[in-house]
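Undergrad: Everything below, folded, please.
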Amino acid sequence: MRWERLFAELEASLDDDALLERDALVAELRDEEWSRTPWRSLLGGHVELELLGAGRLAGEVRFANDRLVRLDAGSVEHVVAIDAVTGVRTDGRAPAPSTVDARLGWPHVLRRLRDDGDEVRVVRTDGATLRAQVVRVVDGGVVLRTAERDLLVPLRALAVVTLGR
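TA: Okay, here's the model as predicted:
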C-alpha cells in the first residue's frame with residue numbers, strides 16, 4: 001500500500017512538473033511573438049497619441065504604416081509622423097495597411113494637400129504651430145505659405161498636419 005501511494009505521489013509530482021514546464025514554454029513563446037510585433041501594428045480603433053511638440057491627439061486610426069498615422073477626429077483629420085509619437089493609448093490592433101497605404105509618406109500627403117489648395121494646421125516637433133498652404137514639396141522638405149512669408153520646413157521636423165473638414 002505504501003509503495004502504491006509513493007508511486008502515485010511521484011507520478012502526480014511529475015505531471016505537475018510537466019504542466020509547469022509547458023506553461024513556462026507557452027509564456028516564452030508568447031513573449032517571443034510579442035517581441036517581433038512592431039508597436040505601430042497595435043495602432044487600431046480609437047487611439048490617443050502623445051506627440052513631440054503637439055501634445056495629445058485622439059481619433060480613429062484610418063491607416064498606420066512605418067512613417068505616418070492618419071487619425072479621423074470627427075471634424076478634422078490628422079496626419080501624424082510616426083517619429084513624433086512618444087506614447088500611445090489604444091483599444092485595438094491595426095489592420096494591415098493596403099499596399100498603397102503602406103507606401104504613403106509625407107511627400108504623397110503634402111502633394112495631395114497642395115493640389116487641394118486647402119489651408120492646413122502644421123505642428124512641428126519643436127511645438128511651433130503654423131496655419132499655411134502647401135506650395136511645393138521638395139526632396140526632404142515642404143514649402144509652406146503662411147500669412148507672413150513662405151517657409152521651408154524639413155519633413156523630419158513635421159509632427160502633425162491637420163486638415164479641417
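Undergrad: All the helices of the chain, residue numbers only.
TA: Applying DSSP state H to the chain gives helices spanning 2-35, 99-103, 106-116.
Undergrad: which residues does the closest residue to T146 other than its chain neighbours contact?
TA: Of all residues not flanking T146 in the chain, A132 sits nearest, at 4.7 Å (Cβ to Cβ, 6 or more residues apart in numbering). Bear in mind the C-beta positions are built from the backbone N, C-alpha and C, glycine included. A132 sits next to E119, V120, V122, L144, R145, T146, L151 when contact means Cβ atoms under 8 Å, 6 or more residues apart in numbering.
Undergrad: between those, which is closest to I82?
TA: Using Cβ to Cβ, V122 comes nearest to I82 of those, at 16.6 Å.
Undergrad: Name the nearest residue to that closest one, ignoring sequence neighbours.
TA: Of all residues not flanking V122 in the chain, L130 sits nearest, at 4.7 Å (Cβ to Cβ, 6+ apart).
Undergrad: And the one you found, how far from V85?
TA: L130 sits at a distance of 20 Å from V85 (criterion: Cβ to Cβ, to the nearest Å).
Undergrad: So the two - more neighbours on which side?
TA: V85 (21 against 17; other Cβ atoms under 10 Å).
Undergrad: can you list the domains in the protein?
TA: Per automatic domain parsing, the structural domains of the chain span 1-36, 40-164.
Undergrad: which stretch in the helices of the chain has the least confidence?
TA: With a mean of 68, helix 99-103 has the lowest mean pLDDT of the helices of the chain.
Undergrad: Quick check, pLDDT for the spatially most central residue of the chain.
TA: Geometric centre of the chain, nearest residue: R40, 4.0 Å, by Cα atoms, centre = their mean. We have a pLDDT of 78 for R40.
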